[in-house]
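*Asks:* Next come a sequence and a model predicted from it.
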Amino acid sequence: MSATTAQNTDDLRSAEGNLLTADGVPLKTSLAVAKRQRRNTALLLVAPLFLFILITFFIPIISMLVRSVENHVVADVLIQTVPALESWDESTGELPDESVYSALAADFKKAFEDKTAGSVGRRLNYDQPGFSSLFRKTNRKARKLEPPFKEGFIKIHKDWGDVDMWRVLKRESGDYTMSYYLSAVDYSYTPDGEIVKNGEKQRIYLKLYGRTLWMSLLITVLCLILAYPISYLLSTLPVKTSNLLMILVLLPFWTSLLVRTSAWIALLQREGVINDVLVWIGFISDENRLAMIHNATGTIVTMTHVLLPFMVLPLYSVMKTIPPSYMRAARSLGATPFTAFVRVYMPNTIPGIGAGAILVFIISIGYYITPALVGGQSGTLISNFIAYHLSQSLNWGLAAALGAILLGVVLVLYILYDKIVGIDNMKMG
Amino acid sequence: MAIPSHATTGERIWHYTYRIICGLIFFFLIAPIVVVIPLSFNSVPFFTFTPEMLSLDPAGYSTKWYEEFFSSRNWRGAVLNSFKLAFFSTIIATTLGTIAALGLSKAEMPAKTLIMGILISPMVVPIIIAAAGMFFFYSDVGLASTSVGVILAHAALGTPFVVITVTATLVGFDHSLTRAAATLGSSPTHTFFKIIVPLILPGVISGALFAFVTSFDEVVVVRFVGSYQQRTIPWAMFSGLREQISPTILAVATLLVILSILMLTTVELLRRRSDRIRGLA
């Protein structure tokens, strides 16, 4: 390379006419190196947070997803019975032979020492009621069993002579199961392994998902109806006045959710402020106080209040950018105020409507605290059932499956939000 | 939006109707927050206005719920925990979030949308799902019922706010400033602290406030990851509202409203300062 000769010329050029830097490296290469360095710096800066979110947030959620299909407990405790069952043909309708029962006796002996029989019983009980008591009873007596085991087991509990119980046990002895997801959408296995819809009375979750979606939609629409007029007012008033009025939107936004929920309890309850006022003005009689809390009304009113700022802020920021001259132009071209508003102004606010609506909808379908406090029976949402299975019924697999489905819905909405608004455009405050 | 002098009667009526509708909506927004303040001075243990209160009889009012709040060990523990957990999780969230935002706002950052999407997801994933996942995972790794576990969880929930606010401050950032500093012989560290930090500070502080509020106002994760030892103010309010309703909760609520007024003022002042520095105002 003729770096020395190049330096003699005015513009640094190599023999081939490429631009060179002062140290004689072609400019292109030098630029690429600099760019790569900057790229690496950028990645290095993002890496700590990325790892942090991965470990503290993503892995927990993945562990939840795994739990919704994982099924180790049966094979882990019935360590001899499960392999012995493999040779049993469940379609013949005959009970397993003595070798399976003797394996079962050995497993129960071990399970008694490890105190693990109960966990298997509970697990299988989700698929077939009766397993829990079967395992409890057997656990107390199985240690003293002598061959022949088959008769012994059936004597302890007649269910050991029931082919259907064995079929369920065999089906649910694998490392993974679909039964949590089936329960989460109101389906279940018959003992023969067929998948059927649950009876009318056991269908809870699809109805609950339906209610969650319907109530979220209603709350979103209510928020939109309430947010639109005030956002328009805020965007058209002089800055001084609108900043002042904005406080009325931002103060609720910054106030603790628990504060707002307790305030609504004070307002809506039977002896609450609203009922008191209605009785006082004679609108209703003292005996007929309205039931506005611990039902769907309570959830809807409170959540609309809580989420309203999330609708106002994006709407306001979009309306702020619409030039007032558009409306004036429409008016001067002969449109009535109404036509001008509907045909010219409103289409311009659609990005704001989309952003606010998806935001409110996403937040409300996962809401837990407010429905738990003011929702009662008819106002609880899917999140409340997930919490119930986590902390009360302890059916963690079902909680995880319900959560996974909810997560799927939110993910779709999140992608939609990104397509419409762009995640980069998310703003706060 | 003053009413023009040539407006017809119909337009005038509509103008005032519209104002009244807006007034009612603003009333709906603010009234529930205002109403807790007088109710917290109730002299009887109910969430209602008594006839004595309405007739402004001093006997209808008392500060006993505040006294109960300040003398109760349960509440004092909750206040201490709330501040402790929020303080540490805010520090983690602000540090990691600010550094990441600096990286994200570089033009050379690859796969920006994807990474941003992942970093912001703690804000979007329903809290109950995050709580469920953390409930399982944190007990597997021995972090359940520990303050460290709750702090890490809250820090994760708070980072998206820091990333968003700091990235927003960096949008108008003039990169020639750092280059100018470099040509004048400033080291990258020196440039960072003398040039970048003062400019992005308003964004960092408001992000930190968001992260603080996220932790301070969070109930679900605390209840699943923590135990009574980690009880926070919202936790105590949540159990209080479920078990026995006492106006102490409204006294706490009033104090929290005052806190949120302080926070709102700070964020607004910072936002205006930031706009002014960046020449957007």
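*Replies:* That came in fine, so what should we check first?

*Asks:* so A:Val196 sits in a helix?
*Replies:* No - using DSSP: H, G, I helix; E, B strand; the rest coil, the assignment for A:Val196 is strand, not a helix.

*Asks:* Can you tell me how far it is from A:Asp114?
*Replies:* As judged by CB to CB, to the nearest Å, A:Val196 and A:Asp114 stand 35 Å apart. Where you see a C-beta, it was placed from the backbone N, CA and C, and this is true even at glycine.

*Asks:* repeat for A:Val374
*Replies:* From A:Val374 to A:Asp114 the distance is 45 Å (CB to CB).

*Asks:* Of those two, which one has the most company?
*Replies:* A:Val374 (27 against 9; other CB atoms under 10 Å in any protein chain shown).

*Asks:* Show the pLDDT at the closest residue to chain B within chain A.
*Replies:* Of all residues in chain A, A:Gly366 sits closest to chain B, at 2.3 Å by CB to the nearest CB. Note for A:Gly366: predicted pLDDT of 88.

*Asks:* In contact with the residue lying closest to it once chain neighbours are set aside: list those residues for me.
*Replies:* Leaving aside its sequence neighbours, A:Gly366 sits nearest to B:Pro126 (CB to CB, 6 or more residues apart in numbering or on different chains; 2.3 Å). B:Pro126 makes contacts with A:365-368, A:383, A:406-407, A:410, as judged by CB atoms under 8 Å, 6 or more residues apart in numbering or on different chains.

*Asks:* Now that the residue of chain A closest to chain B has come up, it's in contact with A:Leu406, right?
*Replies:* Yes - counting by CB atoms under 8 Å, A:Gly366 does reach A:Leu406; the two are 6.6 Å apart.

*Asks:* what touches both of those two?
*Replies:* By CB under 8 Å, 6+ apart, A:Gly366 and A:Leu406 have these common neighbours: A:383, B:126, B:128-129.

*Asks:* Check whether A:Ser188 sits in a helix, strand or coil.
*Replies:* When classified by three-state DSSP, A:Ser188 comes out as strand.

*Asks:* What's the local residue count around it?
*Replies:* Close neighbours of A:Ser188, defined as other CB under 10 Å, add up to 18.

*Asks:* got it, and A:Lys137?
*Replies:* A:Lys137 has 14 nearby residues by other CB under 10 Å.

*Asks:* what pLDDT does the closest residue to it other than its chain neighbours get?
*Replies:* Distance criterion CB to CB, 6+ apart; nearest residue to A:Lys137, sequence neighbours excluded, is A:His157 at 5.3 Å. As predicted, A:His157 sits at a pLDDT of 84.

*Asks:* Could I get the contacting residues of A:His157?
*Replies:* Neighbouring residues of A:His157 by CB under 8 Å, 6+ apart: A:134, A:137-138.

*Asks:* can I get these in TSV with secondary structure and pLDDT?
*Replies:* Listed next are these as TSV, based on DSSP: H, G, I helix; E, B strand; the rest coil; pLDDT from 0 to 100:
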residue	secondary structure	pLDDT
A:Leu134	helix	87
A:Lys137	helix	85
A:Thr138	helix	86
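
*Asks:* Out of the shared contacts of A:Gly366 and A:Leu406, which is nearest to B:Val220?
*Replies:* Relative to B:Val220, the closest of these is B:Ile128; by CB to CB it sits at 6.0 Å.

*Asks:* Counting by contacts, list what the helix or strand hosting that closest one packs against.
*Replies:* For B:Ile128, the host element (DSSP states H and E) is helix B:127-140. Applying 3 or more CB pairs under 8 Å, 6 or more residues apart in numbering or on different chains; DSSP states H and E, we find helix B:127-140 packed against helix A:59-67, helix A:382-391, helix A:396-420, helix B:147-171, helix B:220-225.

*Asks:* Confirm for me that A:Val374 is in contact with A:Thr261.
*Replies:* Yes - applying CB under 8 Å, one finds A:Val374 in contact with A:Thr261, separated by 6.5 Å.

*Asks:* Quick check: neighbours shared by the two?
*Replies:* Contact criterion CB under 8 Å, 6+ apart; residues shared by A:Val374 and A:Thr261: A:Thr302.

*Asks:* Out of the helices and strands packed on helix B:127-140, flag the one nearest B:Leu114.
*Replies:* When these are compared by CB to CB, helix A:396-420 sits nearest B:Leu114, at 10.1 Å.

*Asks:* Would you mind getting the angle between the closest one and helix A:382-391?
*Replies:* Counting by axes from the mean of the first three to the mean of the last three CA atoms, to 10 degrees, helix A:396-420 lies at 150 degrees to helix A:382-391.

*Asks:* Kindly calculate the angle that helix A:396-420 makes with helix A:59-67.
*Replies:* Interaxial angle of helix A:396-420 relative to helix A:59-67 (the same axes, to 10 degrees): 120 degrees.

*Asks:* Helix A:396-420 near chain B at all?
*Replies:* Yes - using CB under 8 Å from any CB of the partner chain, helix A:396-420 reaches chain B at A:396, A:399-400, A:403, A:406-407, A:410, A:414, A:418.

*Asks:* counting contacts, what elements does the longest helix seen in chain A pack onto?
*Replies:* Ranked by number of residues, the top helix in chain A under DSSP state H is helix A:205-236. Judged by 3+ CB pairs under 8 Å, 6+ apart, helix A:205-236 is in contact with helix A:239-254, helix A:296-319, helix A:350-365, helix A:382-391, helix A:396-420, helix B:9-39.

*Asks:* which of those helices is buried the deepest?
*Replies:* helix A:296-319 (a mean of 24; mean count of other CB atoms under 10 Å in any protein chain shown).

*Asks:* Summarise which helices and strands it is packed against.
*Replies:* Using 3+ CB pairs under 8 Å, 6+ apart as the contact test, the elements touching helix A:296-319 are helix A:205-236, helix A:239-254, helix A:257-268, helix A:350-365, helix A:369-374, helix B:9-39.

*Asks:* surely A:Ser188 meets A:Ser179?
*Replies:* Yes - the pair A:Ser188 / A:Ser179 is scored as a contact, 7.2 Å apart, by CB under 8 Å.

*Asks:* overlap in contacts of these two?
*Replies:* Joint contacts of A:Ser188 and A:Ser179 (CB under 8 Å, 6+ apart) are A:Asp127.

*Asks:* Low-confidence bits of chain B, can you list those?
*Replies:* Across chain B, the ranges flagged by pLDDT under 70 are B:1-2, B:278-281.

*Asks:* Find the closest residue to chain A in it.
*Replies:* Per CB to the nearest CB, B:Pro126 is where chain B lies closest to chain A, at 2.3 Å.

*Asks:* Figure out the length between the terminal residues of stretch B:162-181.
*Replies:* 26 Å (CA to CA, to the nearest Å).

*Asks:* got the buried residues for it?
*Replies:* For stretch B:162-181, a neighbour-count test (16 or more other CB atoms under 10 Å in any protein chain shown) marks B:162-170, B:173, B:178, B:181 as buried.
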